[in-house]
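1. Have a look; sequence and predicted model below, questions after that.
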Amino acid sequence: MIGLDHEQQAARAAFEGLRDRICATFEAIEREAGSDAAFDYAAWEREPAGGGGGVRGLMKGRVFEKVGVNVSTVGGAFAPEFAKSIHGAAEDPNFFATGISLVAHMANPHVPAVHMNCRFLCTTKRWFGGGADLNPPLPRADDSEAFHARFKAACDAHDPAYYPRYRAWADDYFWIPHRQVHRGVGGIFFDHLEGDFMTNFAFVQDVGAAFLDIFPAIVRARMDMPWTDADRAAMLAFRGRYAEFNLVYDRGTLFGLKTGGNIDAILMSLPPLATWE
């Protein structure tokens, strides 16, 4: 890949550092549960040669039935038709993208599944995007409130207008039209965050820190709760809805497939088991 500029290098390093902190925390939770599960890392390169690549991290343990944490840094040119749908690419299809993407499917139905991603894209414009959303098969108001409160605090530290806007954006985005239901209990979602790089970069880093603060706390509070066969059945049915969204509507899935990404990394978000009744 062509050499990265200072902003691109900084974003890539931040996402890789966040990946390392998240994976270490998740492995620590597995050890607390008496498991020696650890992440398996697989590097991949994007075709054509020089198009960048990434590292897919995957762990299957006692608490995390399946969790993937991917970091990718890619560049090249969008296909002409796809370029028309990307911010700033209609005029010039060349692009650069670096980001982290995480999806965790949990063994205990009382522990919410979760999704988080942060990304930095460069076309004729430069912007950040990302967010996080909680996906409990068996929703609990206290967990949902704690999750939202932590991300509200992260948003409010930068701009009081962020949280109401990005929460509403998440509600709109994580909606399954053919089911007429939300995928989960929401969170925040933002895209095309342009302007001063350092200001926006600081916000995106705080989004990552908020995730690392609140989600492990929820996991630790719920991972030892007893559950029934009915709870497990409800979780597997919920996962079916999750898979439908990711395969039909998710922009990240489409972006990865359209830009020659690693198939295993792109479809890492799918649950290990699901049911459709």
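-> Thanks, I have the structure now. Numbering: from 1, shown residues only.
2. mind listing the strands for the stretch 151-277 of the chain?
-> With DSSP state E, counting those that start in this stretch, the ranges of strands along the stretch 151-277 of the chain come out as 175-176, 181-182, 186-193.
3. JSON lines for those, including mean pLDDT and distance to E45?
-> Every residue, glycine included, has its C-beta placed from N, CA and C. JSON lines is the format used below for the strands of the stretch 151-277 of the chain (pLDDT from 0 to 100; distance: least, Cβ to Cβ, whole Å):
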{"stretch": "strand 175-176", "mean pLDDT": "95", "distance to E45": "34"}
{"stretch": "strand 181-182", "mean pLDDT": "95", "distance to E45": "37"}
{"stretch": "strand 186-193", "mean pLDDT": "97", "distance to E45": "27"}
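4. Nearest to G57, out of those strands?
-> Of all the strands of the stretch 151-277 of the chain, strand 186-193 sits nearest to G57, with 21.6 Å by Cβ to Cβ.
5. Partner strands of the closest one, with direction?
-> strand 126-135 (antiparallel) (DSSP bridges).
6. roughly how far is the strand it pairs with from the heart of the chain?
-> Chain-centre distance of strand 126-135: 7 Å, with Cα atoms, centre = their mean, to the nearest Å.
7. Please save the CA atoms from it in PDB.
-> What follows is strand 126-135 as a C-alpha-only set of coordinates in PDB (Å, rounded to 0.1, in the frame of the first residue of the first chain):
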ATOM      1  CA  ARG A 126     -12.000  12.700   5.200                       C
ATOM      2  CA  TRP A 127     -14.300  11.600   7.900                       C
ATOM      3  CA  PHE A 128     -14.800   9.300  10.900                       C
ATOM      4  CA  GLY A 129     -17.800   7.000  11.500                       C
ATOM      5  CA  GLY A 130     -18.700   4.300  14.000                       C
ATOM      6  CA  GLY A 131     -20.700   3.600  17.100                       C
ATOM      7  CA  ALA A 132     -21.800   0.800  19.300                       C
ATOM      8  CA  ASP A 133     -25.100  -0.900  20.000                       C
ATOM      9  CA  LEU A 134     -26.300  -3.400  22.600                       C
ATOM     10  CA  ASN A 135     -28.200  -6.500  21.500                       C
END
